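> Model the following, please.
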Amino acid sequence: MNNYFGVDYYPEHWPKKRWETDIKLMQELGIDVVRMAEFSWSKLEPSEGNFNFGWLDEVIELLTEAGIKIILGTPTAAAPAWIINKNPEIQPIDYEGRRRHFGGRHHNCQSNLTYRNHIQRYVTAFAAHFGNHPNVIGWQIDNEFGNSHNELCYCSSCESFYREWLREKYGDIETLNQKWGTVFWSQDYSDFSHIQAPKLSAAGENPSAVLDWKRFCSDLIVDFHKFQSRILRAAAPGKFITHNLMGFYNKANYFDLSDDLEFVSHDQYPGDQHPGLKIYDRHGFKAHKIAAALDLMRGIKQKSFWMMEQQSNIPGWGVMARTPRPGEIGMWAMQCVAHGADTVVFFRWRTCTVGTEQYWHGILPHSGIPGRIYYELKETIGRAKPLMAEIQGTLPNARVAIVYSYDQMYAFEIQPHHPDLWYAEHVVKYYTAFFNRNVAVDFISDKMDFTKYDLVIAPLQYVMPSVLEEKYVDYVKNGGNLLLDMRAGVKDETNICRVDAPLPAGKLVELLGIEIHEYDCLRDTTVDVVWDGVKHKCEMWSDIITTKTAKALCSFDSEFYAGYPAVTLNSYGEGLAYYVGTQPGESFAAKIADELIRRHNLETFGSTPEAVEIVHRAGDDDYIFVINHTAETKHVDIPSDWKSYYQGQTDKIKPFGWDVYTRKRGV
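The predicted model follows:
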């Protein structure tokens, strides 16, 4: 589609006389596409049935004349005040039973049929009006599903949908009681109508009920998306539909959501110091976490993706982050491209003067006068476009996969075991070790094909349905190499503990060749392991392992289980099964990665200085990106068979610089 760089544009925030100036500056910057209207409902329908599309028509025509394409967003993340005034019941209820009110965004219940009727009316008219415009190339539905909805919604409408979801899943109330273990604390139900959304209780929660609730909430978001996509596809066939995901956010299962998308899009702010994201620390190298989120986005559909919101300046609502340093914004954008982004859309065009995001800065400052950021991006865009035309649709050639599971994440949110254990952080520990060795990694779901990979790493496989257990066993039996780790196989798919064998329970005992009869939650402490005479730190957890057919690769070196295995290896069928009985610290994860690379002859793009990554996209040739995430010049040894893509490249990578090389495939 020849869309390489874009901006998120809010023309309704600015006087009409400014629009032509903005679009001229976009042309000069090299912008190919804009996203608009995802928060414009009140301007496009100021009262019920009174559609005011004319101003957006004018902007679209100006952009069309400039050769800039358009993506339109359905504005259902921010219902206008007149809808709330007419139907206040659509406002959501939180975990504590409180109503959340108008004044921000996502002030709506996604199950509420009255709200869906408003959406039906609006999206139908919106799609009919704009869907046939040749320069409107696609739709974004809503905005950032899950953002602002972590504890929403628990209203009577959601409860009604939840009960029907449960009835369809379990069939009868006796089966639900058995699967949920409601015998505990006298929680048996005699009818589905007695089941409530799991709001704040007096003490404790039923883990099985809460896991199903989290699954239901995800399914509701997927259904809410499909409700809109059906309208759009009927009114405007041939236009793509996407949604802007948010990396490791947990509300919706992105693998499920993506089934209804032509491609996924991603929102990313590497400089945002939001504590919940745990992505970027100005005083420490965290580029591996940014890369991990990008690789997850690529893995969701196993195809290239778009960046729908890429940081363009200082992020912040009430509190701001640091100013991006010279070259940093362009470098972050090209890291996205290196990991599989075909289009990078910057948020936002101009810093807004009103509302919550007055200090979430854009390419242009409040004044609208181009400055350093504008001219840096102009240079980046000019340099990158010819390259991006060549690599559209290409992916890395990864032989290692990491299984990412929303069920496992949900289960550990309910029972984290250790207060500091966070599923995504644990998964990224393995990713980081391979990232630091410049080994390509795919994130996959547990429903995807394992057989295309030489090595599958499946961390924290706590909830183990029998179908998944069989899949792991068959993968190894037929020649695959699998790594499982702490807490594998503890629960069944309903979040009830398995009792058919010692841990890791079921067929995993034979697959892994071990038994676990005790374990230790490492509260306020760490333990040591020793491997080849070198000590490494472990965190969070220790499984006390007895080997049966497995052999120990290393052992614990502290606590009462000193001398017990920490990592084991078992031959099974034609493959190998590893088990890591703890959370590895940095050096221990590195040692595990080195062992796996050596044993399975995994391709690495060589060693680099800390904070320099090498990543590739495999087309007719390999396109190899060398990216420096530091404010210092770095030296990288460039192999002789790599050909410089740009003139003037050397083995010195400038601060926040990126160079590109090509290599013949198969070399």
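
> So what's the residue count around residue 265?
22 (other CB atoms under 10 Å). From N, CA and C alone the C-beta is placed, and that goes for glycine too.

> give the contact list for the nearest residue to residue 540 once chain neighbours are set aside.
Nearest residue to residue 540 in three dimensions, chain neighbours excluded: residue 583, at 4.1 Å (CB to CB, 6 or more residues apart in numbering). By CB atoms under 8 Å, 6 or more residues apart in numbering, the contact set of residue 583 is 421, 426, 429, 485, 486, 538, 539, 540, 541.

> what separates the residue lying closest to residue 406 once chain neighbours are set aside from residue 322, distance-wise?
Spatial nearest neighbour of residue 406, chain neighbours left out: residue 253 (4.2 Å); criterion: CB to CB, 6+ apart. Residue 253 sits 33 Å away from residue 322, going by CB to CB, to the nearest Å.

> okay, these two: which has more neighbours?
Neighbours were tallied for residue 253 and for residue 322 using other CB under 10 Å; the higher tally belongs to residue 253 (22 against 13).

> looking at it, the more buried one is touching residue 222, isn't it?
Yes - Residue 253 sits in contact with residue 222 when judged by CB atoms under 8 Å, with a separation of 7.4 Å.

> In the stretch 551-667 of the chain, what residue spans correspond to strands?
With DSSP state E, counting those that start in this stretch as the criterion, the stretch 551-667 of the chain has strands at 551-556, 565-572, 575-580, 582-584, 612-618, 621-628, 634-635, 643-644, 652-653, 658-664.

> a markdown table for the ones you listed, including mean pLDDT and distance to residue 155?
As requested, the strands of the stretch 551-667 of the chain are exported to a markdown table (pLDDT from 0 to 100; distance: least, CB to CB, whole Å):
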| stretch | mean pLDDT | distance to residue 155 |
| --- | --- | --- |
| strand 551-556 | 98 | 49 |
| strand 565-572 | 98 | 48 |
| strand 575-580 | 98 | 43 |
| strand 582-584 | 98 | 38 |
| strand 612-618 | 97 | 45 |
| strand 621-628 | 97 | 46 |
| strand 634-635 | 97 | 54 |
| strand 643-644 | 98 | 59 |
| strand 652-653 | 97 | 53 |
| strand 658-664 | 97 | 48 |
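
> May I see those strands organised as a markdown table, with distance to residue 199 added?
Formatted as a markdown table, the entries for those read as follows, by distance: least, CB to CB, whole Å:
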| stretch | distance to residue 199 |
| --- | --- |
| strand 551-556 | 42 |
| strand 565-572 | 41 |
| strand 575-580 | 37 |
| strand 582-584 | 32 |
| strand 612-618 | 44 |
| strand 621-628 | 46 |
| strand 634-635 | 52 |
| strand 643-644 | 60 |
| strand 652-653 | 53 |
| strand 658-664 | 49 |
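
> So which of the ones you listed is nearest residue 271?
Each of these has some distance to residue 271 by CB to CB; the shortest is strand 621-628, at 15.9 Å.

> Of the strands of the stretch 551-667 of the chain, which stretch is the most buried?
Ranked by mean neighbour count, the strands of the stretch 551-667 of the chain are led by strand 582-584 with a mean of 26 (mean count of other CB atoms under 10 Å).

> from the contacts of residue 583, which would you call buried?
Buried members of the contacts of residue 583, scored by 16 or more other CB atoms under 10 Å, are 421, 426, 429, 485, 486, 538, 539, 540, 541.

> which residues does the first one contact?
This means residue 421. By CB under 8 Å, 6+ apart, the residues touching residue 421 are 412, 540, 541, 583.

> and the angle for whichever strand or helix holds the third one with strand 551-556?
The secondary structure element spanning residue 541 is strand 534-547 (assigned by DSSP states H and E). Calculated by axes from the mean of the first three to the mean of the last three CA atoms, to 10 degrees, strand 534-547 forms an angle of 120 degrees with strand 551-556.

> Can you list the strands that strand 534-547 pairs with?
Partner strands for strand 534-547, per DSSP bridges, with pairing direction: strand 514-521 (antiparallel), strand 527-531 (antiparallel), strand 582-584 (antiparallel).

> just those strands: most buried one?
Comparing these by mean count of other CB under 10 Å gives strand 582-584 as most buried, with a mean of 26.

> OK, contacts around residue 91?
For residue 91, the contact set (CB under 8 Å, 6+ apart) comprises 84, 99, 100, 101, 102, 107, 108, 109.

> Same question for residue 70.
For residue 70, counting by CB under 8 Å, 6+ apart, the contacting residues are 33, 34, 35, 36, 60, 63, 64, 133, 135, 136, 137.

> My reading is that it lies in a helix. Confirm?
No - per DSSP: H, G, I helix; E, B strand; the rest coil, residue 70 lies outside any helix segment and is strand.

> Any idea what it is bridged to?
residue 34, residue 136.

> again, but for the one 4 residues further on
Beta bridges link residue 74 to residue 141 when assigned by DSSP bridges.

> number of nearby residues for it?
Applying other CB under 10 Å, we find 24 residues neighbouring residue 74.

> ok, residue 473 to residue 464 distance?
Distance from residue 473 to residue 464, by CB to CB: 11 Å.

> ah, wrong one, I meant residue 50
55 Å.

> of those two, who's got more company?
More crowded of residue 50 and residue 464, by other CB under 10 Å: residue 464, with 26 against 9.

> Contacts only, for that one.
Neighbours of residue 464 in contact, by CB under 8 Å, 6+ apart: 488, 489, 490, 491, 492, 493, 498, 505, 506, 508.

> Filter those residues down to the buried ones.
488, 489, 490, 491, 492, 498, 505, 506, 508.

> out of the contacts of residue 91, who has the most neighbours?
The most crowded member of the contacts of residue 91 is residue 108, carrying 28 neighbours; neighbours defined as other CB under 10 Å.

> what's near enough to touch that one?
So residue 108 contacts 76, 77, 79, 90, 91, 92, 115 (CB under 8 Å, 6+ apart).

> Between the residues you listed, which sits nearest residue 562?
Nearest to residue 562 among the contacts of residue 108 is residue 92, at 51.8 Å by CB to CB.

> any idea how far the closest one is from residue 414?
21 Å.

> out of these two, which sits in the busier spot?
residue 92 (24 against 17).

> hang on, isn't the more buried one packed against residue 156?
No - when contacts are counted by CB under 8 Å, residue 92 is not listed as touching residue 156 (11.5 Å).

> so which of the strands paired with strand 534-547 gets nearest residue 548?
Closest of the strands paired with strand 534-547 to residue 548 is strand 514-521, at 6.2 Å (criterion: CB to CB).

> quick revisit: dump the contacts of residue 70 to JSON lines, plus distance to residue 452 and neighbour count.
As requested, the contacts of residue 70 are exported to JSON lines (distance: CB to CB, whole Å; neighbours: other CB atoms under 10 Å):
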{"residue": "33", "distance to residue 452": "32", "neighbour count": "24"}
{"residue": "34", "distance to residue 452": "37", "neighbour count": "26"}
{"residue": "35", "distance to residue 452": "34", "neighbour count": "27"}
{"residue": "36", "distance to residue 452": "39", "neighbour count": "23"}
{"residue": "60", "distance to residue 452": "43", "neighbour count": "23"}
{"residue": "63", "distance to residue 452": "41", "neighbour count": "25"}
{"residue": "64", "distance to residue 452": "42", "neighbour count": "15"}
{"residue": "133", "distance to residue 452": "40", "neighbour count": "16"}
{"residue": "135", "distance to residue 452": "39", "neighbour count": "15"}
{"residue": "136", "distance to residue 452": "37", "neighbour count": "21"}
{"residue": "137", "distance to residue 452": "32", "neighbour count": "16"}
